[in-house]
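Undergrad: No letters, just coordinates:
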């Protein structure tokens, strides 16, 4: 099976200091009355299941042609991929963060299928965690979370469900109330989503799409014009980001921190402020980064910019691989008042999305490749972290399961993402929505961000601050 | 501080699939009446000690001149180097082996001082382990075990002793009964030990030594002659080893297994057989490898050969770095009867040592470099694992503390070594003598030796077999 150009990028750009895997951390509480051996029993049960579904049996081979070798079950060393770990007592979020940071720092072994799954016990009160690490070439965040959501049961009473490696991407979908997503009419697909209805699968196809996609030139011109007359301060231009401690050379070891919010609370604020939920999340990140950088005397005069990956996967596209493009937005970190900052962010994302909306069908991959080409080149020639950054930070928002999920009856309390860093980009903020909670994972370079935990703490405080300021602004305007 | 050529080799030859660190695993039992928080208290106490002694504060810099940068205390990130880990319950030797294999698979971060220390709790009954990993460029096995022996207390009642990183190689020596080793008369140094009395510290010095060391040519000639007329079957010739599963290309992940014997029992057998303790240990390895390779239908017709590192460190040379040379011996795996096998091994090591004994003073490093040059070249050009192996296995024997050692009153029950592998060499067997026990660590390549644990088990059984056969042989000869 050929490796597609989009998926191949993640293998070619991987470096020792920037391993290209993503991961998900599920924190779980065993069911009432669970035995003390609950976790050990779970591990033993899963260990007995040495059958591997796509893509958990795929090993990359780059020469002579980039190919996925599909391995037989007996060629996969389950003891290597599936690990049982533990936290020192009394284990808490801090100890979990330290272990997971360490696990996330080590590259996957290219000589095996590119995944690892760790069950981590000792989180206190019998709680445990599951850390699933998958190479980005096998799937993007949306594909990964969809697959995970299907592998975990929606039924608290279900038992003896096979582990994710035995289910793979072919597991049946779980209904999320009526109508199910499967039943959604095709007309609901947005232009962006429709763009991938005829996916571009080869380099030749890419060239064809680029040639036939007349609108590409238009967008490219628009972006160039904005770059030349950057009068609209809401437009984020790639490679015009200010230098900051988020953008030096990065190194292998990682730090990981988490934060979570109630979805209801964020949704209410977004309605009050007349912006999207995503804008509120960007506002929270902006507030946290502003305070963190001010605290260390490193806040740039100009606004930080963020790259936002956008899924272009069709609702019922259940294939793995990568189907993302990117938009750029300003985080308005040069604006003092939280409510005004939020307004500016919303204006910037509106503009970026309108550009993407004008993109013709079939040209999406070509657009992404064009957009990413200078960045990829920068990384490939080793200039990442040494020249003007393409952006200051990546902020990603991935929809997760809407209803609670269970592992052998143990409820998944939170579901945190861990992402990939590149040279020149020391922080990734990814948010997963899960069962009424917005779970944020901050993945950072250990050396660049020695007190990264504070960014997560500030993000928590930023919500109250933003609520207060938005309400004060609304009150001063009057009803 | 310049990096010496011998130490530099370990940095230059390091590859992702063959990280060049060594390690020691101490399994410990807390004192009677210890609190449940014993390990947590130990970790907290050590974590507070962020002062770093030589060589725990040394970071390598290769360009323009290979140098050790000595860091200030606040430049060392103790949280990175010192880790508190745990085994899943119920933790046993198997779980410890899995975790330690994983820890040993990951290379050290060259951007920091080249060491890690892990306290691992959860070994059952409150027992815990300490895994200390140090880059081979900082010290060889003898230097490492000496330093560790001094850092651990010989007094079960001693408390609040600083951790090894705060003591370093300058810790005062611990008396091992009278007379102390310090007080040993210089005349006890053997010719081999005396060879390093005027250590060769630079490349220029090396050349001088090579030129002035007239005996070098003689040894080289002897070895070449043996290579041309290998009539003496006890002589092991480098690069004449048979191919075996121990000698293919290796990869990053490791396996680790252990075995231990009573020193008294091995000593008694060595007396009965009229050979050295080291010969008995080689006999045990030989028996285990013979059985393992026969079992998988891969026992070569010709004998396996082993490389034995030999310390050329003076008794009171407390400096770190590397002071080793190598001899080659046949393991007589082509001989069926254990007692005869042991005789042949002893004859082979006697020959090898006699060659080394004839080596002139001052020429030892030059000899080692000459001996290793073809091997180093093979590794450097990436041929390791693809051509005739220099040897089949490395068997190393390192003297450890003679009396028990303690960590905050917790007795160290066993002290196991973990070593380094190179391409073309998938197994390293290292033995540490400690407080009346011979502790063997088998470090193997995970992919090359999928059932390596069996080698350790067979090594245990080989002792009884050898005892029986030696006694039967003695009885048949009569008194």
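TA: That came in fine, so what should we check first? Computed from a predicted structure; not experimentally measured.
Undergrad: Domain-wise, how is chain A divided?
TA: According to automatic domain parsing, chain A comprises the domains A:5-171, A:193-401+A:417-477.
Undergrad: what's the closest of these to residue B:139?
TA: Of all the domains of chain A, it is domain A:193-401+A:417-477 that lies closest to residue B:139, at 23.5 Å by CB to CB. Where you see a C-beta, it was placed from the backbone N, CA and C, and this is true even at glycine.
Undergrad: how far is the closest one from where the chain is centred?
TA: Mean C-alpha position of domain A:193-401+A:417-477 versus that of the full chain (CA atoms, centre = their mean, to the nearest Å) differs by 11 Å.
Undergrad: Also stretch A:415-423?
TA: On CA atoms, centre = their mean, the centre of stretch A:415-423 falls 6 Å from the chain's centre.
Undergrad: returning to what we had before: got a markdown table for the domains of chain A, with distance to residue B:284 too?
TA: Below are those laid out as a markdown table (distance: least, CB to CB, whole Å):
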| stretch | distance to residue B:284 |
| --- | --- |
| domain A:5-171 | 27 |
| domain A:193-401+A:417-477 | 40 |
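Undergrad: closest to residue B:34 out of those?
TA: domain A:5-171 (14.3 Å).
Undergrad: what's the model's confidence in that closest one, averaged?
TA: Domain A:5-171 shows a mean pLDDT of 93.
Undergrad: So that domain, near chain B or not?
TA: Yes. Using CB under 8 Å from any CB of the partner chain, domain A:5-171 reaches chain B at A:16, A:39-40, A:43, A:77, A:79-80, A:83-89, A:91, A:95, A:98-99, A:102, A:106, A:109, A:111, A:121-122.
Undergrad: Please work out how many residues are found near the residue in chain A that chain B sits nearest to.
TA: The minimum distance from chain A to chain B, using CB to the nearest CB, falls at residue A:86 (4.0 Å). When neighbours are counted by other CB atoms under 10 Å in any protein chain shown, residue A:86 registers 26.
Undergrad: Spit out the contact partners of it.
TA: By CB atoms under 8 Å, 6 or more residues apart in numbering or on different chains, residue A:86 lies in contact with A:120, A:121, A:122, B:85, B:86, B:87, B:88, B:89, B:91, B:122.
Undergrad: Any chance of those in JSON lines with distance to residue A:299 as columns?
TA: Formatted as JSON lines, these follow (distance: CB to CB, whole Å):
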{"residue": "A:120", "distance to residue A:299": "36"}
{"residue": "A:121", "distance to residue A:299": "41"}
{"residue": "A:122", "distance to residue A:299": "39"}
{"residue": "B:85", "distance to residue A:299": "38"}
{"residue": "B:86", "distance to residue A:299": "40"}
{"residue": "B:87", "distance to residue A:299": "45"}
{"residue": "B:88", "distance to residue A:299": "44"}
{"residue": "B:89", "distance to residue A:299": "47"}
{"residue": "B:91", "distance to residue A:299": "47"}
{"residue": "B:122", "distance to residue A:299": "44"}
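Undergrad: So which of these is the closest to residue A:274?
TA: For those, the residue nearest residue A:274 by CB to CB is residue A:120; the value is 41.9 Å.
Undergrad: which other residues reach the helix or strand containing the closest one?
TA: Following DSSP states H and E, one finds residue A:120 within strand A:115-121. If you take CB under 8 Å, 6+ apart as the criterion, strand A:115-121 is touched by A:39-40, A:42-43, A:46, A:56, A:81-87, A:96, A:99-100, A:103, A:108, A:128-135, A:138, A:163-165, B:88-89.
Undergrad: Inside helices: which ones of those residues?
TA: Under the assignment DSSP state H, those contribute A:39, A:40, A:42, A:43, A:46, A:81, A:96, A:99, A:100, A:103, A:164, A:165 to helices.
Undergrad: if we can go back for a sec, write the PyMOL selection for whichever of the residues of domain A:5-171 next to chain B are buried.
TA: What follows is the PyMOL syntax for the buried subset of the residues of domain A:5-171 next to chain B, where burial is set by 16 or more other CB atoms under 10 Å in any protein chain shown:
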select buried, chain A and resi 39+40+43+77+80+83+84+85+86+87+88+89+91+95+98+99+102+106+109+121+122
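Undergrad: and of the contacts of residue A:86, the nearest to residue A:340?
TA: Proximity of the contacts of residue A:86 to residue A:340 was ranked by CB to CB; the top entry is residue A:120 with 42.5 Å.
Undergrad: quick one: that closest one from residue A:400, how far?
TA: For residue A:120, the distance to residue A:400 (CB to CB, to the nearest Å) stands at 20 Å.
Undergrad: Repeat that for residue A:339.
TA: Per CB to CB, residue A:339 is found 28 Å from residue A:400.
Undergrad: Those two: which is more packed in?
TA: Between residue A:339 and residue A:400, residue A:400 has the larger neighbour count (other CB under 10 Å), namely 23 against 20.
Undergrad: contacting residues around the more buried one?
TA: A:145, A:149, A:415, A:432, A:433, A:434, A:435, A:439.
Undergrad: if you set the cut-off to 7 Å instead, what comes out?
TA: Residues near residue A:400 by CB atoms under 7 Å, 6 or more residues apart in numbering or on different chains: A:145, A:149, A:415, A:432, A:433, A:434.
Undergrad: The helix or strand hosting residue A:455 packs against which elements?
TA: Following DSSP H and E, one finds residue A:455 within helix A:453-477. In terms of contacts (3 or more CB pairs under 7 Å, 6 or more residues apart in numbering or on different chains; DSSP states H and E), helix A:453-477 is packed against strand A:254-262, helix A:263-273, helix A:277-295, helix A:338-357, strand A:437-445.
Undergrad: Which of those sits closest to residue A:155?
TA: strand A:437-445 (19.7 Å).
Undergrad: List the strands paired with the closest one, with their directions.
TA: Using DSSP bridges, the strands paired with strand A:437-445 are strand A:254-262 (antiparallel), strand A:427-434 (antiparallel).
Undergrad: If you average the pLDDT over that strand, what comes out?
TA: What strand A:437-445 shows for mean pLDDT is 96.
Undergrad: tell me the angle of it relative to helix A:277-295?
TA: 40 degrees (axes from the mean of the first three to the mean of the last three CA atoms, to 10 degrees).
Undergrad: which residues are in contact with strand A:437-445?
TA: Outside strand A:437-445, the residues within contact range by CB under 7 Å, 6+ apart are A:250-251, A:254-263, A:266, A:281, A:414-419, A:421, A:426-432, A:452, A:455-456, A:459.
Undergrad: Let's see that with 8 Å instead.
TA: Outside strand A:437-445, the residues that touch it by CB under 8 Å, 6+ apart are A:25, A:104, A:250-251, A:253-263, A:266, A:281, A:400, A:414-421, A:426-433, A:452, A:455-456, A:459.
Undergrad: Give the ChimeraX command for selecting the buried subset of those.
TA: Under the burial definition 16+ other CB under 10 Å, those of the contacts of strand A:437-445 that qualify are selected in ChimeraX by:
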select /A:25,104,250,251,253,254,255,256,257,258,259,260,261,263,266,281,400,414,415,416,417,418,419,420,421,426,427,428,429,430,431,432,433,452,455,456,459
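Undergrad: can you pull the buried residues of stretch A:468-479?
TA: Judged by neighbour count using 16+ other CB under 10 Å, the buried positions of stretch A:468-479 are A:469, A:470, A:473.
Undergrad: Between those, which sits nearest residue B:67?
TA: Taking CB to CB as the measure, residue B:67 lies nearest residue A:469 of these, at 53.8 Å.
Undergrad: thought the closest one was touching residue A:335?
TA: No. The pair residue A:469 / residue A:335 is not scored as a contact, 11.2 Å apart, by CB atoms under 8 Å.
Undergrad: can you give me phi and psi for the closest residue to residue A:301 other than its chain neighbours?
TA: In space, and not counting its chain neighbours, residue A:301 is closest to residue A:334: 6.4 Å by CB to CB, 6 or more residues apart in numbering or on different chains. Main-chain dihedrals, residue A:334, degrees, to the nearest 10: phi -90, psi 0.
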